[in-house]
Every structure is written in C-alpha cells, then in structure tokens.
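*Asks:* After the sequence you'll find the predicted model.
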Amino acid sequence: MKRDAVAYLNTRKKGDFAAQKGDVEDFCKYRFQIVEIFHDHRANATPPEKRKGFSEMLEYCAANNCPDIVIYDLAGLARDPDAGLAALKTMNEHYTVYCVNNDFFGFRDDQEQRRAAIGNFITYMEEYRESGRKTAPPVSKKTKKDDGRPIGRPKALNEGQVEALLTVRQSGTSISQICRMFDVSRSTVSKILADYPELKGEWKGARQEPEE
C-alpha cells in the first residue's frame, strides 16, 4: 500500500519544474502517493528555512501528520552546503527524507533505519566541518595587507570540506552536483580529484570528439 508523501522541488531554470516533477512521479510510482508538491524557484542563495515553499511544506507536514518527504537531490536543497545540511537535519528530526537522485542512504522500506542512516551522515559531515575549522592554519602577519586583508587568493575549500567532497563523490554524486553543493568551479573539483583517479569519472556535458 502506498504511503502519503509530499514533494519539495527547488528549481533554477525554466522547465526544471516539469522535468523534476516527472522524475518524482516515476520515483514514487510504487511506493508513495504524492499529496502535495511544494516549490521554490531561483532561491538557491536563500537558506531553505527562509523560503516560502520550504516553510509551507514543513507546516503542511506538521498539520497533516505526513511523515515522508521526497526531494529531487541533496545538492538542490541549497547552494551553501552548510545550509543544505541544516535543512536536511531539520527534516530528519521529524520526517523521513527520500532523494530521487543519488540516494545513497539506503533503507527505503525501513523509515527508522533510514532516518538513523541520514542522522549518521549529518553527524559525519558536521564533524568534518568542525575539524576543518579547527585545523585551518592562521593567517600569518606577513600575508596580510595594511588593511588586514590576506594577500593572495584563499583556498576554495578547507581540509574538512575537501574530505566531505570526497565522501559524497564516493557515494556516487555527480561532479556537476558537487560543484553546486560546495559552490566551487569544475577546475577546483578536478584539482581535488587529481590524486583520486578512480573518482574522476567524466564531466557531464563534456564535449565529444568527432569519430574519425
């Protein structure tokens, strides 16, 4: 028997909603009955808790005792990875979250174990984030300008964020999604993965050389 669920979509381009809605319906075909779809458009820079659609979705779930939430993917929750992780944590405290794309948590038929797996992932990411902050080297006085700003371009990601990036890549997340998740360029991700050839894969949308 299908369980009632809501879907939350956060789109960036025209046409994304129809495409993602179709993917959600295919994902839920034999498992969930989608009772409501909540949608935010071009809100990636806004933390999820401050978006109209996301807030209305949480209010609906609370008012209607709807325990399951389907999202398109983790990378689409927010541009800022910390904001996306916070949103996932908020949802996981009361509901079971399912991802249409790159769902590496498992336990799709066991809500309790799935929420535990998501909770473990959140704890893991938070520990790496905190570790990265603690191990970040202090800026030397010799590297500062007269106005106190550091000289040179700062690193795009600290050590903890790099470890988190490698973890989500190992779980199967695409390079394009990682770029959005960590708000970094393709070249930055390529440099990080240079020492991990098994994780490089192929860039989605890469130009194909003509056959001779």
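*Replies:* Perfect, I can see it now.

*Asks:* Please name the residues that touch V168.
*Replies:* By C-beta atoms under 8 Å, 6 or more residues apart in numbering, V168 lies in contact with L74, I178, M181. C-beta: built from backbone N, CA, C; applies to glycine.

*Asks:* So which of the residues you listed are in helices?
*Replies:* Using DSSP state H, the members of the contacts of V168 that fall within helices are I178, M181.

*Asks:* Dump the contacts of V168 to JSON lines, plus neighbour count and pLDDT.
*Replies:* Shown next, in JSON lines, are the contacts of V168 (neighbours: other C-beta atoms under 10 Å; pLDDT from 0 to 100):
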{"residue": "L74", "neighbour count": "26", "pLDDT": "88"}
{"residue": "I178", "neighbour count": "22", "pLDDT": "85"}
{"residue": "M181", "neighbour count": "23", "pLDDT": "81"}
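
*Asks:* Okay, and S176 sits in which element?
*Replies:* Using DSSP states H and E, S176 sits in helix 175-182.

*Asks:* got the CA coordinates for the helix or strand just after that helix in PDB?
*Replies:* Using DSSP H and E, the helix or strand that directly follows helix 175-182 along the chain is helix 186-193. Extracted in PDB, the C-alpha atoms of helix 186-193 (Å, rounded to 0.1, in the frame of the first residue of the first chain):
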ATOM      1  CA  ARG A 186      34.800  22.500 -12.200                       C
ATOM      2  CA  SER A 187      38.500  23.200 -12.200                       C
ATOM      3  CA  THR A 188      38.600  23.200  -8.400                       C
ATOM      4  CA  VAL A 189      36.900  19.800  -8.200                       C
ATOM      5  CA  SER A 190      39.200  18.500 -10.900                       C
ATOM      6  CA  LYS A 191      42.300  19.600  -8.900                       C
ATOM      7  CA  ILE A 192      41.000  17.900  -5.700                       C
ATOM      8  CA  LEU A 193      40.200  14.700  -7.600                       C
END
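
*Asks:* Show me what helix 186-193 is packed against.
*Replies:* Judged by 3 or more C-beta pairs under 8 Å, 6 or more residues apart in numbering; DSSP states H and E, the packing partners of helix 186-193 are helix 159-170, helix 175-182, helix 197-200.
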